[in-house]
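[1] Pasting a predicted model and its sequence here:
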Amino acid sequence: MEHRWGQRVAVQVGAQVTAEPFGTLSGRARDVSLSGIFLVMPLPPWSLWTRVAVQLDDPAPAGQGSRRPIFAFVVRRAQDGVALEWCKFAPRAIRHLLARAARFSHQSRRARPRPGAMRPGVHAATPTGR
């Protein structure tokens, strides 16, 4: 049964996660939503409901809280990483990250040629140098 509040968006963002008394570990965000994140990383020693501080690599433009940690709880442990749920729903840095991901996705869809836009053997005119 699905319990997630937000729609997951695939991302590739580095992350540092701090949990006392274990120190800081590095990982990579695989997907993120307004309610949480899945981090691919070696299985950490944290138990469920451990409170952690997440620092994403450039999650928001400068001056918009990009270097503040985002607090979360460990809600699932998997062989390839951990799922975290944000302590505060929809943190500002995550909203900015999701907005940037949506803009990037929209731009990349617009940049793709439409099917049938170019027929095989038909090329754009190029200067001949005459």
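    Perfect, thanks for sending it.
[2] what about S33, how many neighbours?
    A count of nearby residues for S33, using other CB atoms under 10 Å, gives 18. Using the backbone N, CA and C atoms, a C-beta is placed for each residue, glycine as well.
[3] quick one: it and R8 touch, right?
    Yes: with contact defined as CB atoms under 8 Å, S33 counts as touching R8 (4.9 Å).
[4] Quick one: classify R100 as helix, strand or coil.
    Following DSSP: H, G, I helix; E, B strand; the rest coil, the label given to R100 is helix.
[5] hmm, I was thinking of Q16
    strand.
[6] give the contact list for it.
    Going by CB atoms under 8 Å, 6 or more residues apart in numbering, Q16 touches T24, L25, S26, G27, V54, Q55.
[7] give me that answer again for 10 Å
    Applying CB atoms under 10 Å, 6 or more residues apart in numbering to Q16 gives the contacts T24, L25, S26, G27, A53, V54, Q55, L56, D57, P69.
[8] now, among these, which is nearest to V40?
    G27 (5.8 Å; CB to CB).
[9] returning to what we had before: now the contacts of Q16 in CSV, please, with extra columns for distance to P91 and secondary structure.
    Formatted as CSV, the contacts of Q16 follow (distance: CB to CB, whole Å; DSSP: H, G, I helix; E, B strand; the rest coil):
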residue, distance to P91, secondary structure
T24, 19, strand
L25, 20, strand
S26, 20, strand
G27, 18, strand
A53, 12, strand
V54, 9, strand
Q55, 12, strand
L56, 10, strand
D57, 15, coil
P69, 10, coil
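[10] could you redo those residues as a markdown table and give each row distance to A99, neighbour count and pLDDT?
    As requested, the contacts of Q16 are exported to a markdown table (distance: CB to CB, whole Å; neighbours: other CB atoms under 10 Å; pLDDT from 0 to 100):
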| residue | distance to A99 | neighbour count | pLDDT |
| --- | --- | --- | --- |
| T24 | 27 | 11 | 96 |
| L25 | 27 | 18 | 96 |
| S26 | 25 | 13 | 96 |
| G27 | 23 | 21 | 97 |
| A53 | 23 | 16 | 98 |
| V54 | 18 | 23 | 97 |
| Q55 | 19 | 18 | 95 |
| L56 | 14 | 24 | 93 |
| D57 | 17 | 13 | 90 |
| P69 | 20 | 16 | 94 |
